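Q: any chance you could fold what I've pasted below:
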Amino acid sequence: MLVKVYGSAIHGVSAQIITIEVNVAGAGVGYHLVGLPDNAIKESSYRISAALKNVGYNIPGKKITINMAPADLRKEGSAYDLSIALGILAASNQIEAESIGEYIIMGELSLDGGLQPIKGVLPIAIKAREEGFKGIILPKQNTREAAIVNNLEVYGVENIKEVISFFNEGKPLERTEIDTRKEFHDKIDSFPFDFSEVKGQETAKRAMEVAAAGGHNIILIGPPGSGKTMLAKRIPSILPPLTIKEALETTKIHSVAGKIGAETSLMTVRPFRSPHHTISDVALVGGGSYPQPGEISLAHNGVLFLDEMPEFKRTVLEVMRQPLEDRVVTISRAKFTVNYPASFMLVASMNPSPSGYFPDDPNNTSSAFEMQRYMNKLSGPLLDRIDIHIEVQKVEFEQLSDRRKGENSIKIRERVLKAREIQEQRYKDLDISYNAQIGPKEIEKYCELDSASQNLIKNAMEKLNLSARAYDRILKVARTIADLENSEQILSNHIAEAIQYRSLDREFWNA
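A: You can find the predicted model right below:
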C-alpha cells in the first residue's frame with residue numbers, strides 16, 4: 001500500500017514542502033530510503049524501529065520503500081522521523097490515517113517514542129499555510145513558535161502515541177493558539193539596560209543617539225573601563241521598536257538556526273549579538289557544508305557588537321565588507337545558492353593602542369611600530385564603512401560618584417523615533433527606511449549643502465585625506481543630525497559635528 005505524508009525542508013530562511021512516499025509491498029523484505037537523505041535521515045530506521053516497538057507497534061517484515069520528493073533536493077536532519085514512522089504504520093495498515101495528507105508532520109523521535117524539538121518551525125508553518133494545509137503536528141516545545149501563523153491549526157505532541165491515537169481513534173490533540181499582536185505589544189519595550197545608568201560620557205551618548213536615529217555603524221575608541229561595552233549594550237533600548245514584519249523576519253532566521261526557546265513565540269525586541277573575537281569567518285557570515293545563518297544574519301534588524309575589534313582575525317573582519325554595503329549574505333555552492341538577510345547595525349569597540357591607554361599612557365609602553373601594527377588590523381575600506389568613530393574618554397571620579405541619574409533611554413528613544421519618522425516620510429516611495437541605507441542618488445537629492453557647509457567639508461576632505469566613501473558617510477550622518485533637529489536643510493554645524501565623528505581618519509591616529 002502506498003501512503004503520502006508531508007514534511008518540509010529549509011532552504012535559506014524559507015521552507016519547501018517534502019512529500020514522503022511510503023510503499024509497503026507484500027513480496028520481499030527490505031528497507032530502502034531514497035531521495036537524497038543525509039546520514040541523520042538514513043539512521044532514522046533505528047530510532048523509528050525502537051520507538052514503535054516501545055509504543056506497541058512494529059516495522060513490518062516486508063519490503064519498505066520510502067521516497068522523499070523532490071528527489072533531487074538534499075534532505076537534512078532528524079526532523080523527518082515522525083512523518084516516516086507514521087507513513088510506515090499507515091502503509092502497513094497498522095493504523096487508519098485517511099486525513100494524514102491534510103497536515104505537515106515533523107519531529108525527531110526518541111527511542112521511547114518521545115519527541116525532540118526541531119529547527120526552522122516558523123518558515124515551515126508559514127509554508128504550510130501558503131500551501132493550504134489544514135494544520136501542522138510537531139513537538140510540543142515548538143508549538144508557540146508555529147502558533148504565530150494564523151489560520152493554521154497547530155498541534156504539539158510529546159509522544160508518537162498521541163499522534164497515532166489522533167489519526168487512528170480520532171482522539172483530539174491540544175491545539176495551541178496565541179494572540180500574536182497582544183504578546184508582541186506586551187513585550188516590545190522590555191529592556192534589561194538603560195542609558196540612565198551610564199555615568200558621564202555625554203559626547204559618546206550623543207554619538208549613540210545619532211547612530212540609532214540614522215541606523216549608522218559606529219566604533220567606540222577608548223581605554224579599558226571607560227564604558228564602551230556598557231554603552232553598546234544599551235543601544236537596543238533607544239532603537240525604534242520592531243514592526244510585526246521585522247519581528248517575523250528576525251524570528252524566521254533564529255528559528256532556522258535553532259535559537260528560539262520553548263517559551264518564546266515571536267521575537268519582540270531587536271537582537272543584540274556579541275560574538276567572541278575567536279569566531280571564524282564562516283560562523284560570522286554563515287555557511288558550512290549545510291549552510292546555516294551566521295552571526296551577522298542573527299543580528300538582522302538589530303545590533304552586531306564586536307568588542308575589541310582589532311583582536312578579531314583580519315580575514316573575519318574583511319568578509320563583512322560586502323554584507324555591510326548590500327545588507328544580504330549570499331552563500332554559493334556548486335548546486336545551489338542561499339541568501340540570508342543581514343541588515344544590521346554594527347557597533348564596535350577598540351582600545352586606542354595595544355597597551356590600552358594611548359595617548360594618555362604615562363609610561364609610553366606602545367612604540368610607533370606597535371601602534372601602526374595595531375591600527376593596521378583594521379583596513380581602510382572597512383573603517384570607511386563605519387559612519388561614526390567616537391572617542392570615549394576615561395570617566396573621572398566626580399562623575400562616577402555623582403548619584404544623579406542621567407537621561408534615560410525613553411527620552412532618547414523619543415527623539416530617535418521622531419527622526420526616523422521624518423526619514424520614513426522622506427523615503428516612502430523608495431525601498432529605504434533610514435539614512436544609513438541611502439545611495440549616491442539619494443545623497444545628491446537629499447543632502448544638498450550651502451556654500452559654508454561646502455567649504456567646511458572641502459577643507460576636511462583635504463586636511464584628513466578622506467576617501468569618497470568617507471565623504472558620503474559624513475553627508476549621511478549630517479543628514480541624520482539635521483533630522484534630529486527637525487531641520488530640512490543641512491547646516492554647517494551639522495557638517496561640523498559629522499566631521500568630528502571621523503576620529504580614525506585624523507592624522508593623530510594614522511601617524
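Q: where does pLDDT dip in the stretch 301-450 of the chain?
A: Within the stretch 301-450 of the chain, the ranges that satisfy pLDDT under 70 run 356-368.
Q: what residue lies at the spatial centre of the chain?
A: residue 298 (2.1 Å; Cα atoms, centre = their mean).
Q: walk me through the domains of the chain.
A: The record's domain parsing of the chain by automatic domain parsing lists 2-168, 186-510.
Q: now stretch 36-46: how far from the chain's centre is it?
A: Offset of stretch 36-46 from its chain centre (Cα atoms, centre = their mean, to the nearest Å): 29 Å.
Q: again, but for stretch 399-413
A: With Cα atoms, centre = their mean as the basis, stretch 399-413 stands 30 Å off its chain's centre.
Q: for it, C-alpha coordinates in PDB please.
A: C-alpha atoms of stretch 399-413 as PDB (Å, rounded to 0.1, in the frame of the first residue of the first chain):
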ATOM      1  CA  GLN A 399      31.200  61.700  37.600                       C
ATOM      2  CA  LEU A 400      31.300  58.100  39.000                       C
ATOM      3  CA  SER A 401      30.400  59.300  42.500                       C
ATOM      4  CA  ASP A 402      27.600  61.500  41.200                       C
ATOM      5  CA  ARG A 403      24.300  60.000  42.400                       C
ATOM      6  CA  ARG A 404      22.200  61.900  39.900                       C
ATOM      7  CA  LYS A 405      20.700  59.800  37.100                       C
ATOM      8  CA  GLY A 406      21.500  60.600  33.500                       C
ATOM      9  CA  GLU A 407      18.900  61.000  30.800                       C
ATOM     10  CA  ASN A 408      17.000  57.700  30.400                       C
ATOM     11  CA  SER A 409      16.600  55.600  27.300                       C
ATOM     12  CA  ILE A 410      12.900  56.500  26.900                       C
ATOM     13  CA  LYS A 411      13.600  60.200  26.300                       C
ATOM     14  CA  ILE A 412      16.500  59.500  23.900                       C
ATOM     15  CA  ARG A 413      14.300  57.000  22.100                       C
END
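Q: which secondary structure element of this protein has the lowest mean pLDDT?
A: Of all the helices and strands that make up the chain, helix 507-510 has the lowest average by mean pLDDT, DSSP states H and E, namely a mean of 47.
Q: sorry, back to before: excluding chain neighbours, give the residue nearest to the residue nearest to the centre of the chain in space.
A: residue 273 (5.3 Å; Cβ to Cβ, 6 or more residues apart in numbering). To be clear about C-beta, it is placed using only N, CA and C from the backbone, and glycine gets the same treatment.
Q: direction included, what does the strand ranked longest in the chain pair up with?
A: If each strand of the chain is counted by residues according to DSSP state E, the longest one is strand 14-25. Applying DSSP bridges, strand 14-25 is found paired with strand 2-11 (antiparallel), strand 63-69 (antiparallel).
Q: which one, of the ones you listed, ends up nearest to residue 191?
A: With respect to residue 191, and counting by Cβ to Cβ, the nearest of the strands paired with strand 14-25 is strand 2-11 at 30.8 Å.
Q: if I pick residue 236, what's in contact with it?
A: By Cβ atoms under 8 Å, 6 or more residues apart in numbering, residue 236 lies in contact with 191, 269-270, 272, 302-303.
Q: and stretch 175-194, how far out from the chain middle?
A: With Cα atoms, centre = their mean, you get 18 Å for stretch 175-194.
Q: now that stretch - C-alpha only, PDB.
A: Extracted in PDB, the C-alpha atoms of stretch 175-194 (Å, rounded to 0.1, in the frame of the first residue of the first chain):
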ATOM      1  CA  ARG A 175      -4.400  23.000  19.900                       C
ATOM      2  CA  THR A 176      -2.000  25.900  20.600                       C
ATOM      3  CA  GLU A 177      -3.300  29.400  19.900                       C
ATOM      4  CA  ILE A 178      -1.500  32.700  20.500                       C
ATOM      5  CA  ASP A 179      -2.700  36.300  20.300                       C
ATOM      6  CA  THR A 180       0.400  37.300  18.400                       C
ATOM      7  CA  ARG A 181      -0.300  41.100  18.400                       C
ATOM      8  CA  LYS A 182      -1.000  41.200  22.100                       C
ATOM      9  CA  GLU A 183       2.100  39.200  23.000                       C
ATOM     10  CA  PHE A 184       4.100  41.400  20.700                       C
ATOM     11  CA  HIS A 185       3.000  44.700  22.100                       C
ATOM     12  CA  ASP A 186       3.200  43.400  25.700                       C
ATOM     13  CA  LYS A 187       6.900  42.700  25.400                       C
ATOM     14  CA  ILE A 188       8.000  45.300  22.900                       C
ATOM     15  CA  ASP A 189       9.500  47.700  25.500                       C
ATOM     16  CA  SER A 190      11.200  45.200  27.700                       C
ATOM     17  CA  PHE A 191      15.000  46.100  28.000                       C
ATOM     18  CA  PRO A 192      17.500  45.000  30.700                       C
ATOM     19  CA  PHE A 193      19.700  48.100  30.300                       C
ATOM     20  CA  ASP A 194      19.100  51.800  30.300                       C
END
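Q: next, format the contacts of residue 236 as a markdown table and append neighbour count, secondary structure and distance to residue 458.
A: Shown next, in a markdown table, are these (neighbours: other Cβ atoms under 10 Å; DSSP: H, G, I helix; E, B strand; the rest coil; distance: Cβ to Cβ, whole Å):
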| residue | neighbour count | secondary structure | distance to residue 458 |
| --- | --- | --- | --- |
| 191 | 18 | coil | 42 |
| 269 | 19 | coil | 42 |
| 270 | 23 | coil | 37 |
| 272 | 22 | strand | 38 |
| 302 | 22 | coil | 37 |
| 303 | 22 | strand | 34 |
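Q: nearest to residue 156, of those?
A: Proximity of the contacts of residue 236 to residue 156 was ranked by Cβ to Cβ; the top entry is residue 269 with 24.9 Å.
Q: what sits against that closest one?
A: 187-188, 190-191, 236, 241-242 are the contacts of residue 269 under Cβ under 8 Å, 6+ apart.
Q: related to what we said a few turns ago, out of the domains of the chain, nearest to residue 176?
A: domain 2-168 (4.0 Å).
Q: what helix or strand is the nearest residue to residue 487 once chain neighbours are set aside located in?
A: Once flanking residues are discounted, residue 487 sits nearest to residue 494: 7.3 Å by Cβ to Cβ, 6+ apart. Residue 494 is part of helix 492-500 when elements are defined by DSSP states H and E.
Q: buried residues, that helix. List them.
A: By neighbour count on 16 or more other Cβ atoms under 10 Å, the buried set for helix 492-500 is 492-495, 497-500.
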